[in-house]
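In: Dropping a prediction and its sequence here:
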Amino acid sequence: MLSHASRFKAIGSTFTSIGRDQINITPPDPASSVFSILKPHVALTALYNSSAREAEHASTCLPDTREKVLENILEWTMGDDKRPICWLRGPAGSGKSTVAHTIAEQCHQRDELAATFFFSRGKGDRSDIGKLLPTLAFQLAQRMPSIRPLLLEALADESTLSQTLGDRFLNLIVKPLRAIEESKHPMIIIIDGLDECAVQDAIVTLIKFLGETNLSHRLPVRFLLTSRPETQIRDAFRLHVTQSTVFPLALEDFAAHNDIRIYLQSRLSDTRNRRDLLMRDVPIPWPSKTHLEMLVHQSEGLFIYVSTLLKFVDDGLGLPQEKLERVLKIYTGVDSLYTQVISEARHYPHFDRVLGSLMYLERPLSINQLAQLLQLQAAHIQQAMQGCHSILTVPDNNDDSIRPYHASLRDFLTDHQRAQHHFLSPVEYHALISAQCLELITMGFKNNITRGGEPMSYACEAWHHHCCILLSNEDCTFDKFNFCLRHLQDVMKVIDLQWLKYWIYEGLMNGKGLIIKKKSEHYDFRLSGNAKRLQRKVQQLWEIVHDWEKVCDYKQYINIKLIGCMLHYYMYVTVFHSC
């Protein structure tokens, strides 16, 4: 069939021979093809109206609040202002995501919302820059059917989704959109929380391409971007985006105290009505005008303070009126509120162990998985976080993960000057997690567990991450180092070649880039292009070990040398030369 044909292209088409000289060519459905190709690379949880964000209580602004800033952005979306990029910046907890969510909802109601992506630090796909452009392209294909053939043509090249960020931006976003005629009211793309992306260098690159693209080729869409005013992001806008291209808005320029007053009054009145049986003796209005003004002052204009306060007061673990009285006695700002919540919650067993692990895990684990890693029961995890429902999302389902409501909690707990005696030391908890990972691996080897699920995969992949951060920290002591070293020695005692290959396959390589060929009861793992990634990981740990040799005494030097040589020998010589 088609043996003598030349110079034609039918991507994804179906060929049906119906006679000696007749062939039917059925073209692919561009919609189904585009969506099926993109879907594995899409983070649907990052959409503004995703169930994941709903579970975190993402919402629109309360009526009669944030009116001025919303008015400014909505006027910009209408197209009268020719600048195609709006950058809304503001400090942590100032309500940027709520404003962006409100704009998304209003644009959706006007049928002018093209796509959204809400970054969220430490939440898997939602902090992954690699998911951003496929997710935007997926939504654009839903909203604009005319670009589907162009996307399909771009995706016909299998390398498209693994190209550089600039090439992906060009092929998945710019080229398809150029084929669309600009309307009177352009469509809006919203990217929230640029500072919460895991790779900040990539965000700088993205800002650069947005600035250059909109300067040379005006697109039929506008971009609303939000972030904290981090130096790297500010520099990227200053260096790569002209004043004629960006409409900057600083959230701190819009007074928030009156908005906070309205919000507090509304939500606390709801609490008073719902908890009437417990609050019958509390005078109305509650809180009093004086107390309401005190709360507004203590908020320092930060909505994260207000949302944390409301969850704390109404978490079901005490009388709302008594909890509010305690809040009124503390100093201003969200740090004081975090301190209050943690002080009252840390009496639960395993509190520090669980909270510290949550703050320093490389990626989120479900409650069941975290329990297995920490060698606790799921009930212990739930109990430990019992008093933290105002600062953490603690799901009832143990197959879901515990996450901070806001990134500012992690910032607080990992800053010694701010958290003081609530500080969670990176040395302490990276040592703990490293040891727990290595213990889990050792038990797996001893018990011949070839598929340990996500906890085993996490342990195999992340022990290196935690060890490197621990050993690189200037506060790491010999005791902490030897603590991890002993666990690493235990692993090497029980490991053999076949287990090592599984370890690399399951963990360090994360199952990607390997050719797997089954041989009877064993697996032959051949490392392909991603072997360089493994080499870099091992080399990084190897270099840290060498640095430690310079400051250790002879006995410690022998121990380090032993482990270093075993790592080097097994992973470089045995694995790479025997596969």
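Out: Yes, it's here.
In: State the distance from Gly93 to Phe247.
Out: Applying Cβ to Cβ, to the nearest Å, the value for Gly93 to Phe247 is 23 Å. All C-beta spots, glycine's among them, are computed from the backbone N, C-alpha and C.
In: neighbour count winner among those two?
Out: Using other Cβ atoms under 10 Å, the more surrounded residue of Gly93 and Phe247 is Gly93, with 25 against 19.
In: Skipping adjacent residues, who's closest to the more buried one in space?
Out: With Cβ to Cβ, 6 or more residues apart in numbering as the criterion, Gly93 has its nearest non-adjacent residue at 2.8 Å, and that residue is Ile304.
In: how near is the one you found to Pro63?
Out: Here the distance between Ile304 and Pro63 works out to 20 Å (Cβ to Cβ).
In: So for those two, which sits in the more crowded spot?
Out: More neighbours surround Ile304 than the other of Ile304 and Pro63, with 22 against 9 (other Cβ under 10 Å).
In: got the phi/psi numbers for the more buried one?
Out: Dihedral pair for Ile304: phi -70, psi -30, per degrees, to the nearest 10.
In: Give me the helices and strands touching the helix or strand where Glu153 lies, please.
Out: When secondary structure is defined using DSSP states H and E, the element that contains Glu153 is helix 148-155. When contacts are defined as 3 or more Cβ pairs under 8 Å, 6 or more residues apart in numbering; DSSP states H and E, helix 148-155 packs onto helix 30-38, helix 129-143, helix 175-178.
In: Next SSE downstream of the first one?
Out: On the C-terminal side of helix 30-38, the closest following helix or strand by DSSP H and E is helix 51-55.
In: secondary structure element for Pro248?
Out: Pro248 is located in strand 246-250, with elements delineated by DSSP H and E.
In: Please disregard the earlier target; I meant Cys467.
Out: With elements taken from DSSP H and E, the one containing Cys467 is helix 453-472.
In: Distance from the chain centre to that helix, please.
Out: 18 Å (Cα atoms, centre = their mean, to the nearest Å).
In: what does stretch 347-362 give?
Out: Distance of stretch 347-362 from the chain centroid (Cα atoms, centre = their mean) equals 19 Å.
In: so which helix or strand takes in Glu428?
Out: Remark: Glu428 resides in helix 426-446, with elements defined by DSSP H and E.
In: Report all helices and strands that that helix contacts.
Out: Using 3+ Cβ pairs under 8 Å, 6+ apart, helix 426-446 sits against helix 351-360, helix 367-374, helix 453-472, helix 478-494.
In: Would you map the helices across the stretch 101-250 of the chain?
Out: Counting by DSSP state H, counting those that start in this stretch, the segments of the stretch 101-250 of the chain that form helices are 129-143, 148-155, 165-168, 175-178, 200-216, 231-240.
In: can you give me the strands for the stretch 51-200 of the chain?
Out: In chain order, the stretch 51-200 of the chain shows strands spanning 85-89, 113-118, 187-192, with DSSP state E, counting those that start in this stretch as the criterion.
In: Can you tell me what sits against the first one?
Out: Read it as strand 85-89. Applying Cβ atoms under 8 Å, 6 or more residues apart in numbering, the external contacts of strand 85-89 come out as 69, 73, 76, 96, 99-100, 210-211, 214, 222-229, 233-234, 237, 241, 245-251.
In: what about it, distance to the chain center?
Out: On the basis of Cα atoms, centre = their mean, the separation between the geometric centre of strand 85-89 and that of its chain is 21 Å.
In: Which residues are in contact with the closest residue to Pro91 other than its chain neighbours?
Out: Excluding the flanking residues, the one nearest Pro91 by Cβ to Cβ, 6+ apart is Arg228, at 6.3 Å. Under the criterion of Cβ under 8 Å, 6+ apart, the neighbours of Arg228 are 89-92, 96, 195.
In: Count the neighbours of the closest residue to Asp475 other than its chain neighbours for me.
Out: The shortest distance from Asp475 to any residue that is not its chain neighbour, by Cβ to Cβ, 6+ apart, is 5.0 Å, and that residue is Val427. Taking other Cβ under 10 Å as the neighbour definition, Val427 ends up with a count of 17.
In: Look up how far Ser472 lies from Val427.
Out: If you go by Cβ to Cβ, the gap between Val427 and Ser472 works out to 10 Å.
In: Kindly report the domain assignment for this structure.
Out: For the chain, the domain assignment from automatic domain parsing gives the residue ranges 42-253, 257-332, 443-455+462-579.
In: for the record, mean pLDDT for the shortest one?
Out: If I follow you right, that is domain 257-332. Along domain 257-332, the predicted confidence averages to a pLDDT of 88.
In: Could you tell me the end-to-end distance of that domain?
Out: The separation between the terminal residues of domain 257-332, taken as Cα to Cα, to the nearest Å, is 14 Å.
In: Can you select the buried ones from the contacts of strand 85-89 in PyMOL?
Out: This is how PyMOL selects the buried members of these, with burial counted by 16 or more other Cβ atoms under 10 Å:
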select buried, resi 69+73+76+96+99+100+210+211+214+222+223+224+225+226+227+228+233+237+241+245+246+247+249+251
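In: I figured the residue nearest to Asp475 hits Asn473, correct?
Out: Yes - A contact is recorded between Val427 and Asn473 when judged using Cβ atoms under 8 Å, the distance being 5.2 Å.
In: which stretches of the stretch 101-250 of the chain have low pLDDT?
Out: By pLDDT under 70, the low-scoring segments of the stretch 101-250 of the chain are 182-184, 215-217.
In: if you set the cut-off to 90 instead, what comes out?
Out: 121-124, 156-160, 162, 178-186, 198-199, 211-220, 228-231, 241-244 (pLDDT under 90).
In: do the same with the stretch 401-550 of the chain
Out: Low-confidence segments of the stretch 401-550 of the chain, defined by pLDDT under 90: 403-411, 417-420, 425-428, 430-431, 434-550.
In: one more time with 50
Out: Applying pLDDT under 50 to the predicted model, the residue ranges of the stretch 401-550 of the chain that meet it are 450, 497-531, 534, 548-550.
In: these two touch, right, Lys323 and Leu310?
Out: No - at 10.6 Å, Lys323 and Leu310 do not qualify as touching, with contact defined as Cβ under 8 Å.
In: Single out the most deeply packed of the domains of the chain.
Out: Using mean count of other Cβ atoms under 10 Å, the stretch among these with the greatest mean number of neighbours is domain 42-253 (a mean of 18).
In: Now do it: distance to the chain's middle.
Out: Centre to centre, stretch against its chain (Cα atoms, centre = their mean), the figure for domain 42-253 is 16 Å.
In: do stretch 407-414 as well
Out: Stretch 407-414 has its average C-alpha position 14 Å from the chain's average C-alpha position, going by Cα atoms, centre = their mean.
In: Now that stretch: buried residues?
Out: Judged by neighbour count (16+ other Cβ under 10 Å), stretch 407-414 contains these buried residues: 407-414.
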